[in-house]
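Visitor: Provide a 3D model corresponding to the input given below.
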Amino acid sequence: MRQVPANQDIGGSITFDLRDYGGQSGSANQTVKHLNIYLGQHPTEVRYF
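Guide: All right, here's what the predicted structure looks like:
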């Protein structure tokens, strides 16, 4: 675990990689999405899409 000093901002991302292997049809699907995260000394707003 990384410790962050007080009053320092931190950011990063989480990657979601969703796959299936086609099942009976044999047609595979893949979706990749990135969730960017930024934490700091600022007002926070949560947005839903």
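Visitor: may I have stretch 12-25 exported as PDB, CA atoms only?
Guide: C-alpha atoms of stretch 12-25 as PDB (Å, rounded to 0.1, in the frame of the first residue of the first chain):
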ATOM      1  CA  GLY A  12      -4.700   6.800 -11.400                       C
ATOM      2  CA  SER A  13      -7.100   4.500 -13.300                       C
ATOM      3  CA  ILE A  14      -8.700   1.100 -13.100                       C
ATOM      4  CA  THR A  15      -9.100  -0.900 -16.300                       C
ATOM      5  CA  PHE A  16     -12.100  -3.200 -16.800                       C
ATOM      6  CA  ASP A  17     -11.700  -5.900 -19.500                       C
ATOM      7  CA  LEU A  18     -14.800  -7.800 -20.100                       C
ATOM      8  CA  ARG A  19     -14.700 -10.800 -22.500                       C
ATOM      9  CA  ASP A  20     -16.700 -13.800 -23.500                       C
ATOM     10  CA  TYR A  21     -15.500 -16.600 -25.800                       C
ATOM     11  CA  GLY A  22     -18.500 -16.900 -28.100                       C
ATOM     12  CA  GLY A  23     -20.400 -19.700 -26.600                       C
ATOM     13  CA  GLN A  24     -22.200 -21.800 -29.200                       C
ATOM     14  CA  SER A  25     -22.100 -19.100 -31.900                       C
END
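Visitor: quick check: mean pLDDT of it?
Guide: Regarding stretch 12-25, the rounded mean pLDDT is 87.
Visitor: ok, now stretch 32-43?
Guide: The pLDDT scores in stretch 32-43 average 84.
Visitor: residue furthest from the geometric center of the protein?
Guide: Largest separation from the mean C-alpha position in the chain: Gln24, at 30.7 Å (CA atoms, centre = their mean).
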